[in-house]
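Engineer: Just a sequence and a predicted model for now, questions to come.
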Amino acid sequence: MLKFSILTSIIHGMIHKSYIITGPTASGKSNFAHMLARRINGVIINCDSVQIYRGIESISASPLTGIDYNDPNQIEIDGIPYKLFSILPLSEQISVADYLEMARREYSAALATNRVPIFVGGTGYYINAIINGISSIPPVSPENRKRARDLVAQDINAARALLPTNITLDPQRTARALEVLFETNRHLVDWQNEPKCGAIEPTPYRILVNPPRDILLNRIAQRIPEMLNMGAIDEAKNIISAGFDETRAIGTAQLCQMLRAEINIDECTENWITKTNQYAKRQRTWFRTQYAADIEIPHVPTDDDINMILLNKKI
């Protein structure tokens, strides 16, 4: 009993105020975050830009896949609160500033209830905002937001022609850059070069889950067929019927093509795996160059890794 009490005291002494757990897709970071939350009375706060939307839980490999809930703001799994998952309809879009405001609110709420905030996800620009903050861009009016999104939907090349020529943006980021230009008459990149604000302080303890490439590729190849059988096809049907953006998540375009009989299920699966592998490669590059991890777990994590982290030992 005495030995257990001493170990418990050591472990509680090593709990940080908050954590960020990130890594490439299919690395096991979500399960690891849940295991950590159970050990330290944590709250899971999403920092994945796709899992924030409802209606694509299977396609996005959300931890909420298959879970029934009435209020996305009151979701618990095994007694662990899950925040900022499935809170937005697919018809909406949010900026990094919107996300950071919500993340800070959930962070403060967790601390107020004596829980440890644990951010988990693989979206680099969300993670960067949590750690470094963002530029103080003025709020954008609904009129300018709609104007920007309408132009992107009508003619994305015309939209991009209004922006600096040395940047390449996806449709969502193009719309964001345009709405800032319309609102402030300044380019987004100019605002981004100004001093940043809003970072979580003190900086969360940064954990990188980074298994070897061959293990990651194998996990992706195994996971995607499982996702097809867990509701992904029905989610894609709903996207088509509602006329939502078919590029919102990796997998949606391939599933929608299959449902329109443009490709077969084998081609859908193969293309989905390829796109996911490419995304994982981009993530690993970002983590290597932009994310200064306090500790890296170079394998699919287990409960033993939590012991090492809480005892402040190297893995």
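Structural biologist: That came through fine.
Engineer: Shouldn't residue 139 be within a strand?
Structural biologist: No - Residue 139: not assigned to a strand; according to DSSP: H, G, I helix; E, B strand; the rest coil it is coil.
Engineer: Give me the phi and psi for it.
Structural biologist: Dihedral pair for residue 139: phi -60, psi 150, per degrees, to the nearest 10.
Engineer: same thing with residue 196?
Structural biologist: phi -100, psi 160.
Engineer: Just the strands from the stretch 101-250 of the chain, written as ranges.
Structural biologist: In the stretch 101-250 of the chain, the segments counted as strands under DSSP state E, counting those that start in this stretch are 116-120, 134-135, 196-197, 205-209.
Engineer: Format those strands as a markdown table; extra columns: mean neighbour count.
Structural biologist: For the C-beta atoms, the positions are set from N, CA and C on the backbone; glycine is no exception. Listed next are these as a markdown table, based on neighbours: other CB atoms under 10 Å:
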| stretch | mean neighbour count |
| --- | --- |
| strand 116-120 | 26 |
| strand 134-135 | 20 |
| strand 196-197 | 12 |
| strand 205-209 | 23 |
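Engineer: need those strands in TSV with mean pLDDT and distance to residue 315, can you?
Structural biologist: Formatted as TSV, these follow (pLDDT from 0 to 100; distance: least, CB to CB, whole Å):
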stretch	mean pLDDT	distance to residue 315
strand 116-120	98	18
strand 134-135	89	31
strand 196-197	90	31
strand 205-209	97	10
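Engineer: Make TSV out of the ones you listed and add distance to residue 258.
Structural biologist: What follows is the strands of the stretch 101-250 of the chain, written out as TSV (distance: least, CB to CB, whole Å):
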stretch	distance to residue 258
strand 116-120	30
strand 134-135	38
strand 196-197	42
strand 205-209	31
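Engineer: do you know which of the ones you listed lies nearest residue 252?
Structural biologist: Shortest distance between residue 252 and the strands of the stretch 101-250 of the chain, using CB to CB, is found for strand 116-120: 22.0 Å.
Engineer: hmm, who's touching stretch 240-259?
Structural biologist: Contacting residues not belonging to stretch 240-259 are listed as 50, 53, 55-56, 59-60, 90-91, 171, 224, 227, 232-233, 235-239, 260, 263-265, 267-268, 271-272, 275-276, 279 [CB atoms under 8 Å, 6 or more residues apart in numbering].
Engineer: In ChimeraX, select just the buried ones from those.
Structural biologist: A single ChimeraX command selects the buried members of the contacts of stretch 240-259 (16 or more other CB atoms under 10 Å):
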select :50,53,55,56,59,60,90,171,224,227,232,233,235,236,239,263,268,271,272,276
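Engineer: Can you tell me which of the contacts of stretch 240-259 end up in helices?
Structural biologist: Here DSSP state H is the test, and those give 171, 224, 227, 233, 235-239, 265, 267-268, 271-272, 275-276, 279 as lying in helices.
Engineer: End to end on stretch 293-301, go ahead and measure it.
Structural biologist: End-to-end distance for stretch 293-301: 15 Å, by CA to CA, to the nearest Å.
Engineer: er, stretch 257-276 actually
Structural biologist: End-to-end distance for stretch 257-276: 16 Å, by CA to CA.
Engineer: For this structure, give me the ranges with low pLDDT.
Structural biologist: When residues are selected by pLDDT under 70, those of the chain lie in 1-13, 168.
Engineer: which residue sits closest to the residue most central in space within the chain, ignoring its sequence neighbours?
Structural biologist: In the chain, the C-alpha nearest the mean C-alpha coordinate belongs to residue 48, at 0.9 Å (CA atoms, centre = their mean). Closest residue to residue 48 apart from its sequence neighbours, by CB to CB, 6 or more residues apart in numbering: residue 121 at 3.4 Å.
Engineer: I'd say that neighbour and residue 127 touch.
Structural biologist: Yes - if you go by CB atoms under 8 Å, residue 121 and residue 127 touch, sitting 7.3 Å apart.
Engineer: so what's in contact with these two at the same time?
Structural biologist: 22, 47.
Engineer: if I look at residue 127, how far off is residue 236?
Structural biologist: Distance check for residue 127 against residue 236: by CB to CB, to the nearest Å, it reads 28 Å.
Engineer: nope, residue 252 is what I meant
Structural biologist: When distance is defined by CB to CB, residue 252 is 6 Å away from residue 236.
Engineer: Identify the contacts common to the two.
Structural biologist: In contact with both residue 252 and residue 236: residue 59, using CB under 8 Å, 6+ apart.
Engineer: my guess is residue 23 meets residue 30, correct?
Structural biologist: No - using CB under 8 Å as the test, residue 23 is too far from residue 30 to be in contact (9.5 Å).
Engineer: between these two, who's got more neighbours?
Structural biologist: residue 23 (29 against 22; other CB atoms under 10 Å).
Engineer: who's in contact with the more buried one?
Structural biologist: Residues in contact with residue 23 (CB under 8 Å, 6+ apart) are 29, 122, 208-211, 283, 287, 297.
Engineer: No further queries at this time; thank you.
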